[in-house]
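Colleague: got a sequence here, can you model it:
(one chain, ligands or ions: 1)
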Amino acid sequence: MEAITTTGTFFDGLSARPRPVTLRLTFQLEVSGEDVSRDWSLLDLRAANAAPPLMRINHAQGSESIEFSDAAFAEALKARCPDLNRTESGGGLTRLVLWSIAAGVSVLLTAVYGVPAASNLLAPLVPQAIEAQLGRSVDAQIVGLLDDPPLCNDPGGRAVLDRLTARLAESMALPTTPQVSVRQHKVANALALPGGRVILLSDILAKAKSGDELAGILAHEFGHIAARDPMRSVITAGGTSFLLSLVLGDLTGSTVLVTIGQAAISAGYSRDAERTADAYAVAAVKRAGGDAAALAAILERITDADDEKPDATSFLRSHPVTAERAARIRSLAGEKPAGPGILSEAEWQSLQGICPKPAKPEKTKPDDKDTKPPTEKL
Ligand SMILES: [Zn+2]
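Modeller: Model (predicted):
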């Protein structure tokens with residue numbers, strides 16, 4: 001590895017005295033001056049706040065730090081120090097204590113209650129920042145597992161979707177602002193992920209016959225977010241090891257994420273969780289002026305369509321009481337309100353056009369070998 005050298009200033013953290021030093025970057029950072037000689041591991045370097053081009057680096061253990069103003073050296077350091085921008089909550093000792101407590105608590109909870117119950121207790125305690133990071137990772141995992149379906153972002157459709165999202169979310173007590181993405185995929189599905197993320201697969205737009213139906217689906221997913229169901233199911237899928245990695249802040253690249261991505265696609269929520277999300281959806285759609293019973297109609301349509309496919313069992317297995325569920329939605333929804341519904345006809349047309357039209361429209365055959373529908377999870 002090529003050595004890079006620059007000059008800088010060393011502070012011992014005990015006195016304010018700046019000491020001129022030479023900095024030499026190899027597989028380590030060598031700090032040398034008149035009465036200073038340090039060989040710092042690159043894993044122990046942490047960037048501190050400083051106005052560029054000044055760069056301030058703290059050593060993770062102890063109170064020593066250095067400063068320098070050399071853009072090339074800064075770039076080289078960034079490239080070689082994996083944890084340069086890592087933020088530790090309160091230093092090494094706090095971290096260790098947290099780690100021990102979390103390990104003890106999660107093992108105890110898991111032993112006493114089992115993983116699902118432990119996840120019920122722990123899901124609301126996960127900080128939003130960690131949940132947001134986790135949401136990004138799970139989103140990327142799912143997109144990979146679905147063979148990278150293209151993102152649908154027609155500006156007109158996108159604007160309608162954003163307005164609809166804001167209108168529904170307005171009246172719901174959500175822990176975070178939902179972020180809805182649409183991806184072109186032959187399966188009608190919608191997935192709620194940690195951090196308020198929702199992925200709509202485009203076939204659900206094709207199956208929906210009105211803005212109210214799609215609003216019902218969206219509001220149902222927001223209902224899962226309100227109840228923190230995605231976080232709970234991620235904890236359940238990841239198990240205790242996942243809880244530990246959450247506390248350690250080491251999520252990226254974790255093999256646990258693959259399990260979680262798969263679980264997010266294939267595992268359904270409990271019947272109670274679905275009923276609660278349905279009730280949320282009905283209330284939100286009603287408040288927004290839509291026909292809340294439309295959710296029942298689209299759920300029935302998707303189930304019927306799924307029934308004709310060879311691997312229909314997946315949807316039915318995770319939604320064993322669709323008839324009862326639909327009846328319950330209709331009774332909660334009550335009378336169909338007067339008026340045009342939640343979206344105007346023009347808005348609904350725009351929203352349906354959010355995905356680019358395929359160059360050659362072709363009919364999807366039920367026995368298409370390339371189609372591997374993920375389990376429906378609405
Ligand atoms: Zn659901």
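Colleague: residues from the stretch 201-350 of the chain in reach of the ion?
Modeller: By the criterion of CB under 5 Å from the ion, the positions of the stretch 201-350 of the chain lying close to the ion are 274, 277. C-beta: built from backbone N, CA, C; applies to glycine.
Colleague: can you list the weak-confidence ranges in the stretch 201-350 of the chain?
Modeller: Judged against pLDDT under 70, the low-scoring parts of the stretch 201-350 of the chain cover residues 237-267, 305-321.
Colleague: that one: helices as residue ranges?
Modeller: In the stretch 201-350 of the chain, the helices defined using DSSP state H, counting those that start in this stretch lie at 203-207, 211-226, 229-248, 255-266, 271-287, 294-307, 313-318, 322-333, 345-352.
Colleague: could you give the number of residues near residue 73?
Modeller: Here the neighbour count serves as a burial measure; for residue 73 (other CB atoms under 10 Å) it reads 19.
Colleague: what comes up buried for stretch 208-215?
Modeller: Residues of stretch 208-215 classed as buried by neighbour count (16 or more other CB atoms under 10 Å): 208, 210, 211, 212, 213, 214, 215.
Colleague: out of the helices of the stretch 201-350 of the chain, which is closest to residue 14?
Modeller: Ranking the helices of the stretch 201-350 of the chain by their distance to residue 14 (criterion: CB to CB) puts helix 229-248 first, at 30.1 Å.
Colleague: pick the most buried one from the helices of the stretch 201-350 of the chain.
Modeller: Ranked by average neighbour count under the criterion mean count of other CB atoms under 10 Å, these are headed by helix 211-226 at a mean of 27.
Colleague: for residue 14, what are its contacts?
Modeller: In this structure, residue 14 makes contact with residue 63, judged by CB atoms under 8 Å, 6 or more residues apart in numbering.
Colleague: state the distance from it to residue 8.
Modeller: The span separating residue 14 from residue 8 equals 18 Å under the rule CB to CB, to the nearest Å.
Colleague: so which strand or helix has the residue minimising distance to the centre of the chain?
Modeller: Most central residue of the chain, judged by C-alpha distance to the mean C-alpha position with CA atoms, centre = their mean, is residue 135 at 1.2 Å. In the assignment (DSSP states H and E), residue 135 maps to helix 128-145.
Colleague: so what does that helix touch, helix or strand wise?
Modeller: For helix 128-145, the elements it packs on are strand 190-193, strand 197-201, helix 229-248, helix 255-266, judged by 3 or more CB pairs under 8 Å, 6 or more residues apart in numbering; DSSP states H and E.
Colleague: related to what we said a few turns ago, the buried residues of stretch 208-215 into TSV, with extra columns for distance to residue 73?
Modeller: Conversion of those to TSV gives the following (distance: CB to CB, whole Å):
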residue	distance to residue 73
208	56
210	60
211	56
212	60
213	58
214	53
215	54
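Colleague: now for the helices of the stretch 201-350 of the chain, which one comes closest to residue 46?
Modeller: Going by CB to CB, the one of those nearest residue 46 is helix 229-248, 16.1 Å.
Colleague: so residue 124 touches residue 228, yeah?
Modeller: Yes: taking contacts as CB atoms under 8 Å, residue 124 lies within contact range of residue 228: 5.9 Å.
Colleague: how long is stretch 10-19 end to end?
Modeller: When the termini of stretch 10-19 are compared using CA to CA, to the nearest Å, they are 5 Å apart.
Colleague: buried sites along that stretch?
Modeller: Applying a neighbour-count criterion of 16+ other CB under 10 Å, the buried positions in stretch 10-19 are 10, 11, 19.
Colleague: from the ion, how far out is the first one?
Modeller: So that's residue 10. Here the distance between residue 10 and the ion works out to 57 Å (CB to the ion, to the nearest Å).
Colleague: picking up where we left off before, my guess is the residue nearest to the centre of the chain contacts residue 191, does it?
Modeller: No: taking CB under 8 Å as the contact criterion, residue 135 and residue 191 are not neighbours in contact, 11.2 Å apart.
Colleague: could you find the closest non-adjacent residue to residue 298?
Modeller: The shortest distance from residue 298 to any non-neighbouring residue, by CB to CB, 6 or more residues apart in numbering, is to residue 213 (4.2 Å).
Colleague: follow-up on the earlier one: what's the first helix or strand after the helix holding residue 135?
Modeller: Reading on from helix 128-145 to the C-terminus, the next helix or strand found by DSSP H and E is helix 155-170.
Colleague: helices and strands around that following helix, which ones?
Modeller: Contacts defined by 3+ CB pairs under 8 Å, 6+ apart place helix 155-170 against strand 179-183, helix 211-226, helix 345-352.
Colleague: about what we covered before: compare residue 124 and residue 228 and say which is more crowded by neighbours.
Modeller: Comparing residue 124 with residue 228 by neighbour count (other CB under 10 Å), the higher total belongs to residue 228, at 23 against 11.
Colleague: and residue 56, what does it touch?
Modeller: Taking CB under 8 Å, 6+ apart as the contact definition, residue 56 lies against 47, 48, 49, 50, 65, 66, 67.
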